[in-house]
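Chemist: One predicted model, sequence on top.
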Amino acid sequence: MEKIVTNDEEQPACILVVDDLEANRDMLIRRLERDGHVVLASSNGLDALKTLREHPVDLVLLDIMMPEMDGYEVLEHMKKDATLVHVPVVMITAVTEMKSLARCIEMGADDYLPKPFNPVLLRARVNACLDKKRLHDQEQQLKLQLEDYNLHLEARVREQVEEITSAQLSTIFATSKLAESKDPETGAHLDRMREYCRILATSLSGHEKFSAIIDGEYIKTIYAASPLHDIGKVGVPDDILLKPGKLDADEWLIMKTHTTIGADTLRAVDARHVGNEFIRMGIEIAEGHHEQWDGSGYPNGVSGEDIPLSARILALADVYDALTSERCYKKAFTHEVSREIILEGDGQHFDPDIVKAFIETEHKFVEIRSRYRDED
């Protein structure tokens, strides 16, 4: 932890003397300057407030009875001003003004100085109030230094968390790439999927129906979690995953287990790190991205909004990418053909709201498809 320092070297105090009698002002100025203080002077309350706003002052010696604005009004203004409320005030009062003095103390004055001035009492009153002000200033300085240190510490923690998160995401992405590498024809599939999901989620966030669900964090999370959708393929035998022809009924049942394998794997992670939004969304995506709006999908045959929103978003992105990609059993379809196939699945395979978001942003899909090309 950084050392918090204070300035123990005493600087000359700045004292404002406020009195309408020149003789009183001069006497106080001489005695205070003799003790090493810097002294400012005002002959009335209005000028005193002007001086207080223009110069930092450590103590005010304030006469009660003055023309234009008396000591009561000056004191009231000071105690209502956040920049002056902590400046100590010593009231200058005659012995005959003790009732007035009591009122000043109730208003927040720190001490009083009776006339005629006793030099020993003057020095004692001034030093006591300056010590109080000095302690307050040191406390504020420590508070500011602590706040600054805490802000610095929070920034460092954020940087370290971001570094850790970045490393974790890179590891997970690499693991997802490993799953995809079992299928040599997927190429830049994961890179495109992240971008497609971000585009769709961002578009949906502008619609009233989804504005309370999809915020900046949701978009970041679906971008990061989308590569997990096919992570369960690591559990599918290569002879099925890489089969060039059509799968038979038994093989197809095994292929479909990649959804539950991926979800169960991530649930095991979630059990050890409860409440992680990234893992929670990864489970939704891995298990639900082959579900269909009309309930004809797998593995659970759920329908409509019972399918998690993240899985519904990824489902359209995944189909679009499969349609526009070349496979061993088909050529890549053009964007126009793929668009028509998706429109045919509106309300059957796909959530109608997500189809609308796709149509609104289809030019961005074309750009992503062009930017992240599969290697020949």
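Modeler: That came in fine, so what should we check first?
Chemist: Tell me who's in contact with the residue lying closest to Ile231 once chain neighbours are set aside.
Modeler: Leaving aside its chain neighbours, Ile231 sits nearest to Gly262 (4.5 Å; criterion: Cβ to Cβ, 6 or more residues apart in numbering). Any C-beta I mention is one placed from the backbone N, CA and C, and that applies to glycine too. The contact partners of Gly262, by Cβ atoms under 8 Å, 6 or more residues apart in numbering, come to Leu228, His229, Asp230, Ile231, Gly232, Lys233, Ala286, Glu287.
Chemist: Please, which helix or strand holds the closest residue to the fifth one other than its chain neighbours?
Modeler: Take Gly232 and drop its neighbours on the chain: the residue closest to it by Cβ to Cβ, 6+ apart is Gly262, 2.9 Å away. Here Gly262 sits within helix 258-272, counting by DSSP states H and E.
Chemist: Distance from that helix to the middle of the chain?
Modeler: Taking the mean of its C-alpha atoms, helix 258-272 sits 30 Å from the chain's own mean (Cα atoms, centre = their mean, to the nearest Å).
Chemist: show me where the stretch 51-200 of the chain has helices.
Modeler: Using DSSP state H, counting those that start in this stretch, the helices found in the stretch 51-200 of the chain span residues 71-80, 98-107, 119-181, 189-205.
Chemist: Pick the most deeply packed of the ones you listed.
Modeler: Stretch with highest mean neighbour count among those: helix 189-205 (a mean of 22; mean count of other Cβ atoms under 10 Å).
Chemist: For that one, which outside residues touch it?
Modeler: So helix 189-205 is contacted by 173, 176-177, 180, 210-211, 214-215, 218-219, 222-224, 226-227, 229, 313-314, 316-318, 320-321, 325, 353-354, 357-358, 360-361, 364-365, 368-369, 372, 374 (Cβ under 8 Å, 6+ apart).
Chemist: quick check: angle from the next helix or strand after that helix to helix 189-205?
Modeler: Next helix or strand after helix 189-205 toward the C-terminus (DSSP H and E): helix 216-225. Helix 216-225 runs at 160 degrees relative to helix 189-205, counting by axes from the mean of the first three to the mean of the last three Cα atoms, to 10 degrees.
Chemist: Can you give me the buried ones in the helix or strand that helix 216-225 is followed by?
Modeler: For helix 216-225, the following helix or strand on the C-terminal side (DSSP H and E) is helix 238-241. Within helix 238-241, the residues scored as buried using 16 or more other Cβ atoms under 10 Å are Ile240, Leu241.
Chemist: what mean pLDDT does helix 238-241 have?
Modeler: Averaging pLDDT along helix 238-241 gives 84.
Chemist: circling back to that earlier point, now restrict the contacts of helix 189-205 to buried residues only.
Modeler: 173, 176, 180, 210, 214, 218-219, 222-224, 226-227, 229, 313-314, 316-318, 320-321, 325, 353-354, 357-358, 361, 364-365, 368-369, 372.
Chemist: Surely Ala311 is in contact with Gly282?
Modeler: No: between Ala311 and Gly282 there is no contact under Cβ atoms under 8 Å: 10.6 Å.
Chemist: which one of the two has more residues nearby?
Modeler: Gly282 (30 against 24; other Cβ atoms under 10 Å).
Chemist: what helix or strand is the more buried one on?
Modeler: Using DSSP H and E, Gly282 falls in helix 277-288.
Chemist: Equivalent analysis for Gly297, please.
Modeler: Using DSSP H and E, Gly297 is not contained in any helix or strand.
Chemist: how close does Leu247 get to Leu253?
Modeler: 9 Å (Cβ to Cβ, to the nearest Å).
Chemist: so who does Asn300 touch?
Modeler: Residues in contact with Asn300 (Cβ under 8 Å, 6+ apart) are Glu287, Gly288, Glu291.
Chemist: please redo it, this time with the cut-off set to 7 Å
Modeler: Glu291 (Cβ atoms under 7 Å, 6 or more residues apart in numbering).
Chemist: same deal with Ile313?
Modeler: Going by Cβ under 7 Å, 6+ apart, the list of residues near Ile313 reads Cys197, Leu200, Ala201, Ile222, Ile354.
Chemist: among these, which two are most distant?
Modeler: Ile222 and Ile354 (12.3 Å; Cβ to Cβ).
Chemist: Looking at the contacts of Ile313, which is nearest Glu305?
Modeler: For the contacts of Ile313, the nearest to Glu305 is Ile354 (11.4 Å; Cβ to Cβ).
Chemist: Quick check: nearest residue in space to Arg192, chain neighbours excluded?
Modeler: Tyr372 (4.7 Å).
Chemist: Val302 now?
Modeler: Glu291 (5.4 Å).
Chemist: One more: Met66?
Modeler: Here the residue nearest Met66, using Cβ to Cβ, 6+ apart, is Asp20, at 4.5 Å.
Chemist: Is that neighbour in a helix, a strand, or coil?
Modeler: coil (DSSP: H, G, I helix; E, B strand; the rest coil).
Chemist: Relative to Glu195, how far out is Val337?
Modeler: Val337 is 21 Å from Glu195, by Cβ to Cβ.
Chemist: Count the residues that sit near the residue nearest to Val302.
Modeler: 25.
Chemist: circling back to that earlier point, let me see the backbone angles for the residue nearest to Met66.
Modeler: Main-chain torsions, Asp20, degrees, to the nearest 10: phi -80, psi -10.
Chemist: could you list every residue that touches it?
Modeler: Counting by Cβ under 7 Å, 6+ apart, Asp20 makes contact with Ser43, Asn44, Asp63, Met66, Pro67.
Chemist: what's the distance between it and His55?
Modeler: Counting by Cβ to Cβ, the gap from Asp20 to His55 is 20 Å.
Chemist: One more: Asp26?
Modeler: From Asp26 to His55 the distance is 20 Å (Cβ to Cβ).
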